[in-house]
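Visitor: I'll drop the sequence and a predicted model, then ask my questions.
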Amino acid sequence: MKVDLMFDGVLLVDKPGCENAMPALRQEPGGDAPTRGLERALWTSHDVVAVVRKWSGQRRIGHTGTLDPMASGLLLLCLGKAARLVEFYQHQTKRYYAEITLGGVTDTDDATGVLLKRNPLPSLTADGINRALDAFRGVVQQRAPSFSAIKQEGQALHQRARRGAIVEAPVRTVAFHRIELLAFAPPDRVRLDVECSAGTYIRSLARDLGEALGVGGYLQALRRTRIGAFTVDEAHPLTEIEAASREQRLVELLLPVGERLPLPDHALDDETLLRLGYGQSVTLPVESCDPLRQLAAARDRGGRLVGVIRRLGAAESGGWRWKAEKWLQ
């Protein structure tokens with residue numbers, strides 16, 4: 001396949017998953033070891049990056065937040081110059097559609113794992129489940145799944161867990177901005193619409209909800225529907241991306257470098273941009289910046305992103321001092 005190596009921009013991918021197509025977890029009758037519930041290969045986020053790299057010929061590609069193999073939905077890829085902006089796209093609010101199965105516990109906290117325990121189910125109600133969810137709405141402490149990509153002693157937890165090592169998954173502060181109970185399908189299926197901070201595990205929410213109800217639970221299906229200002233409705237399935245690459249029109253699917261970067265925008269004149277590009281600090285009348293990192297997006301008069309700048313502090317002569325943090329020119 002002939003490729004163009006000059007692709008620069010943001011590509012929204014609708015990653016394939018396996019929701020609504022997952023076989024029931026099972027345990028061998030009379031056996032000591034349960035069998036894994038899902039054997040067929042699933043796409044990892046790394047797999048998606050690798051295949052888009054192959055199709056496009058663009059070696060510099062990064063993604064802004066991993067999706068579990070079983071999960072489908074929005075994956076934001078940064079190609080070429082945009083790959084230098086991955087760190088600025090990360091840590092945005094995420095939104096998910098999730099299905100949870102109650103009455104069982106798996107080693108991975110989802111339906112791809114080994115069924116460790118099956119519990120009898122009482123007569124649950126939507127009101128009772130909604131009250132249990134109240135404990136998770138807002139800022140909470142969450143223990144990550146033992147099978148996760150979090151590094152411990154230099155290796156991912158899932159690698160250590162699969163070798164049989166004792167894994168102590170970390171507990172982290174996360175925020176559930178919204179958890180809406182969409183439906184409860186008795187006896188065991190819960191459907192949720194979740195909006196949460198980056199780094200939140202919906203698998204852990206499924207596990208913890210099951211524990212709160214006293215019956216156990218695991219994630220049956222997951223689809224990411226939003227990252228910051230991007231939605232899955234804008235995303236392209238892999239079949240479309242492959243066809244566009246083959247037909248030499250992948251550029252038509254790319255959003256501009258710096259599209260919807262979650263930083264305040266400052267349109268600057270050519271002289272100011274030139275000075276910032278040379279590493280000089282400049283005084284500007286504008287002060288708005290990301291409150292945590294003191295960063296803003298520097299754009300030319302046409303709206304094209306030129307770089308990311310950091311606010312250093314107030315200038316003695318008035319205004320604010322700024323300096324380039326990352327420059328794309």
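Guide: Alright, I've got the coordinates.
Visitor: can you give me the neighbour number for residue 193?
Guide: A total of 14 residues lie near residue 193 under the criterion other Cβ atoms under 10 Å. Using the backbone N, CA and C atoms, a C-beta is placed for each residue, glycine as well.
Visitor: and it, what element?
Guide: Using DSSP states H and E, residue 193 maps to strand 189-196.
Visitor: pLDDT averaged over the helix or strand hosting residue 222 - what is it?
Guide: Here residue 222, judged by DSSP H and E, is contained in strand 217-227. For strand 217-227, mean pLDDT is 97.
Visitor: tell me the helices and strands packed up against that strand.
Guide: Counting by 3 or more Cβ pairs under 8 Å, 6 or more residues apart in numbering; DSSP states H and E, the packing neighbours recorded for strand 217-227 are strand 72-79, strand 94-102, strand 104-106, strand 189-196, helix 202-213.
Visitor: dump these to TSV, plus distance to residue 178 and mean pLDDT.
Guide: Supplementary listing: the helices and strands packed on strand 217-227 in TSV, determined by distance: least, Cβ to Cβ, whole Å; pLDDT from 0 to 100:
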stretch	distance to residue 178	mean pLDDT
strand 72-79	17	97
strand 94-102	8	97
strand 104-106	26	94
strand 189-196	4	98
helix 202-213	12	97
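Visitor: of all these, which one is nearest residue 231?
Guide: Taking Cβ to Cβ as the criterion, residue 231 comes closest to strand 72-79 out of the helices and strands packed on strand 217-227, the separation being 7.1 Å.
Visitor: about what we covered before: just the CA trace of the strand holding residue 222, in PDB.
Guide: Extracted C-alpha coordinates of strand 217-227, given in PDB (Å, rounded to 0.1, in the frame of the first residue of the first chain):
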ATOM      1  CA  GLY A 217     -20.300  -8.100  40.300                       C
ATOM      2  CA  TYR A 218     -18.100  -7.700  37.200                       C
ATOM      3  CA  LEU A 219     -18.100  -5.600  34.100                       C
ATOM      4  CA  GLN A 220     -20.000  -7.200  31.200                       C
ATOM      5  CA  ALA A 221     -19.600  -4.500  28.500                       C
ATOM      6  CA  LEU A 222     -18.000  -1.100  28.200                       C
ATOM      7  CA  ARG A 223     -18.100   1.600  25.500                       C
ATOM      8  CA  ARG A 224     -16.400   5.000  25.800                       C
ATOM      9  CA  THR A 225     -18.600   7.600  24.400                       C
ATOM     10  CA  ARG A 226     -16.700  10.900  25.100                       C
ATOM     11  CA  ILE A 227     -13.200  12.200  25.900                       C
END
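Visitor: list the contacts of the next helix or strand after it.
Guide: The first helix or strand that comes after strand 217-227 along the chain, using DSSP H and E, is strand 230-231. Strand 230-231 is contacted from outside by 12, 74, 76, 225, 260, using Cβ atoms under 8 Å, 6 or more residues apart in numbering.
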